[in-house]
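Novice: Following is a predicted model, sequence given first.
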Amino acid sequence: MGTAASPTVRVKRAHEQFLSGVLPAEGAVRTLVRESWVRSRERGVDPGATEPEPGAVSDAEFRAYRDSHRLSLSRPLIQSLLVEDLVDVDAVVAVTDAQGRLLWVDGCRSARAAASRISFVEGAVWSEKAVGTNAPGLALTVDRSVQVIGPEHFLGSVQNWNCSAAPIHDPHTGAVLGVLDITGGDAAAAPFALTAVRSVVAAVERELGATSTNLDPTDGRPFLTILDDGPPTWLAGGATKQLSPRHAEILLLLQEHPEGLSTDQLALMLTDAGLGSVTVRAEISRLRRTLGDIVESRPYRLVVDSESDVAQLRAHVATGELPAAVRTLGRGGLLADSNAPGVVELFDELLVDLRSRLVVAGDVAALESWVDSPLGRDDLTAWSQLAHSLPPGHPGRARASGRARLLDHRLGR
């Protein structure tokens with residue numbers, strides 16, 4: 001009786017088959033990895049390359065960029081929670097930016113020296129586009145924590161390495177700031193490595209959130225937050241003020257109509273019940289007392305250039321950053337809870353735009369994040385598209401098909 005091949009041998013054979021033009025059989029390699037191999041090949045990554053292309057930036061430019069990066073504030077926390085515990089381990093801890101450039105690579109001297117032999121060094125770019133399948137690059141691509149073991153790497157030169165990585169998000173905007181990664185030998189392949197990375201990322205994001213009022217995510221512009229589960233807020237001048245739902249609705253509508261709104265127009269957008277001009281003027285007066293003289297009259301319009309999480313959601317959809325869009329939307333916050341006609345119309349338009357992009361793009365990671373979200377879990381079209389996008393035999397396909405049938409039955413189709 002023959003002996004079954006070990007997982008490492010099986011994946012290595014699958015990689016060799018893939019490079020010869022044969023798509024690996026189901027179960028030979030994880031779907032996440034196989035899809036990354038396909039993207040790597042389509043992007044022209046050379047599997048025989050011995051090191052990544054050097055980044056087109058001088059040492060001085062890189063250091064200036066790194067020192068000003070948002071994650072530089074989190075480096076002491078990362079060192080205390082993770083780096084110091086890996087002093088005697090055959091692994092390095094790396095932090096990248098949102099493009100996969102290694103900002104910091106920490107660890108003992110021997111581990112850093114070993115990593116340098118595959119050009120896993122500060123300043124190098126380890127995005128999936130640059131070097132194919134690897135944990136930092138893959139985490140950026142699918143926007144979730146991942147582990148890549150040995151022969152799962154696309155480059156043959158790094159198949160003796162293992163890595164565990166997770167993306168770090170701006171807690172205020174939801175944007176990806178970079179990735180935290182452990183790369184090395186057996187230690188980086190252990191289950192605790194991915195758990196440790198996730199735990200430290202959570203701590204980093206909490207720290208960034210706690211200091212967000214002293215940081216400026218919008219280049220000095222006031223920022224309206226209404227998509228969070230908590231009350232809407234207005235961040236300006238380093239101070240955050242809690243808003244009433246009505247004031248948040250007014251600010252959002254004025255942001256959406258920079259040309260200005262008359263008293264009657266604003267009243268119609270705020271309620272179907274008939275809002276008198278005196279009531280509208282009183283609300284604007286109270287808003288000015290809360291936030292200062294930021295609203296001009298005749299017509300009502302904002303006199304400050306401001307930003308919002310709704311605008312960021314729209315930008316994510318427009319640029320195809322669909323997982324980020326789903327994460328930014330969350331439960332919808334006030335946008336989903338509001339009964340103001342103008343806000344309801346805006347919410348409906350954003351949902352249609354997001355769902356259309358999700359279905360047309362067929363991005364599995366984005367579809368999975370959408371159907372697992374509060375607003376997408378009952379989306380029959382998205383579940384059906386997810387089932388269609390996953391390969392036969394994939395466990396996620398069976399789940400998606402089953403959920404689609406259930407929703408179809410509930411809708412009486």
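Specialist: Great, that's in hand. Quick caveat, the model's predicted, so the values are computed rather than measured.
Novice: pretty sure D305 contacts F223?
Specialist: No - using CB atoms under 8 Å, D305 is not in contact with F223; the gap is 11.1 Å. The way it works is simple: take the backbone N, C-alpha and C, and place the C-beta from them, glycine included.
Novice: where does the stretch 1-150 of the chain dip in pLDDT?
Specialist: 1-6, 51-57, 87 (pLDDT under 70).
Novice: now do 80
Specialist: The stretch 1-150 of the chain contains residues with pLDDT under 80 at 1-7, 22-27, 50-58, 85-89.
Novice: helices or strands next to the strand or helix carrying A130 in the packing?
Specialist: Using DSSP states H and E, A130 sits within helix 128-131. Using 3 or more CB pairs under 8 Å, 6 or more residues apart in numbering; DSSP states H and E, the elements in contact with helix 128-131 are helix 31-42, helix 135-142.
Novice: in the longest one, what counts as buried?
Specialist: In terms of neighbour count (16 or more other CB atoms under 10 Å), helix 31-42 has its buried residues at T31, L32, V33, R34, E35, S36, W37, R39, S40, R41.
Novice: elements contacting that helix?
Specialist: helix 7-19, helix 128-131, helix 135-142.
Novice: now the strands for the stretch 1-150 of the chain?
Specialist: 91-97, 102-106, 146-149 (DSSP state E, counting those that start in this stretch).
Novice: any idea of the pLDDT on the closest residue to L411 other than its chain neighbours?
Specialist: Leaving aside its sequence neighbours, L411 sits nearest to L380 (CB to CB, 6 or more residues apart in numbering; 6.7 Å). Reported pLDDT at L380 in the predicted model: 92.
Novice: next one: L346
Specialist: 91.
Novice: circling back: ranking the helices and strands packed on helix 31-42 by mean neighbour count, which comes first?
Specialist: Highest mean neighbour count of those: helix 135-142, a mean of 27 (counted as mean count of other CB atoms under 10 Å).
Novice: quick one: that one to helix 31-42, angle?
Specialist: Going by axes from the mean of the first three to the mean of the last three CA atoms, to 10 degrees, helix 135-142 is angled at 90 degrees with respect to helix 31-42.
Novice: Now for Q242: which residues touch it?
Specialist: By CB atoms under 8 Å, 6 or more residues apart in numbering, Q242 lies in contact with P231, P232, T233.
Novice: What subset of those residues is buried?
Specialist: Using 16+ other CB under 10 Å, the buried ones in those are P232, T233.
Novice: TSV please, covering the contacts of Q242 and showing distance to Y65 and pLDDT.
Specialist: TSV is the format used below for those (distance: CB to CB, whole Å; pLDDT from 0 to 100):
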residue	distance to Y65	pLDDT
P231	36	85
P232	34	89
T233	30	89
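Novice: just checking, which of the contacts of Q242 belong to strands?
Specialist: Here DSSP state E is the test, and the contacts of Q242 give T233 as lying in strands.
Novice: will you turn the contacts of Q242 into TSV that also has distance to L291?
Specialist: Converted to TSV, those look like this (distance: CB to CB, whole Å):
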residue	distance to L291
P231	15
P232	12
T233	11
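Novice: Out of the contacts of Q242, flag the one nearest to R298.
Specialist: The closest of the contacts of Q242 to R298 turns out to be P232 (CB to CB; 26.0 Å).
Novice: distance of that closest one from I284?
Specialist: 17 Å (CB to CB, to the nearest Å).
Novice: Repeat that for A325.
Specialist: From A325 over to I284 (counting by CB to CB), the distance is 32 Å.
Novice: do the same with P136
Specialist: The gap separating P136 from I284 is 49 Å, by CB to CB.
Novice: again with Y300
Specialist: For Y300 relative to I284 (CB to CB), the value is 6 Å.
Novice: Would you map out the domains in this protein?
Specialist: The chain resolves into domains spanning 46-213, 234-307, 309-410 when parsed by automatic domain parsing.
Novice: In CSV, list these along with distance to R10.
Specialist: Output for the domains of the chain, formatted as CSV (distance: least, CB to CB, whole Å):
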stretch, distance to R10
domain 46-213, 9
domain 234-307, 49
domain 309-410, 16
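Novice: tell me the most buried of those domains?
Specialist: domain 46-213 (a mean of 20).
Novice: can you give me how far it is from the chain middle?
Specialist: 16 Å (CA atoms, centre = their mean, to the nearest Å).
Novice: next one: stretch 361-379
Specialist: With CA atoms, centre = their mean as the basis, the mean position of stretch 361-379 lies at 14 Å from the chain mean.
Novice: before we move on, what about stretch 393-406?
Specialist: 25 Å.
Novice: Distance to L180 added to the helices and strands packed on helix 31-42, as a markdown table?
Specialist: As requested, the helices and strands packed on helix 31-42 are exported to a markdown table (distance: least, CB to CB, whole Å):
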| stretch | distance to L180 |
| --- | --- |
| helix 7-19 | 25 |
| helix 128-131 | 17 |
| helix 135-142 | 9 |
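Novice: Among those helices, which comes closest to D337?
Specialist: Closest among the helices and strands packed on helix 31-42, once you apply CB to CB, is helix 135-142, at 30.5 Å.
Novice: quick one, that closest one and strand 102-106 angle?
Specialist: 140 degrees.
Novice: now Q17, nearest residue through space, not along the chain?
Specialist: Nearest residue to Q17, sequence neighbours excluded (CB to CB, 6+ apart): P24, at 5.6 Å.
Novice: Done for today, thanks.
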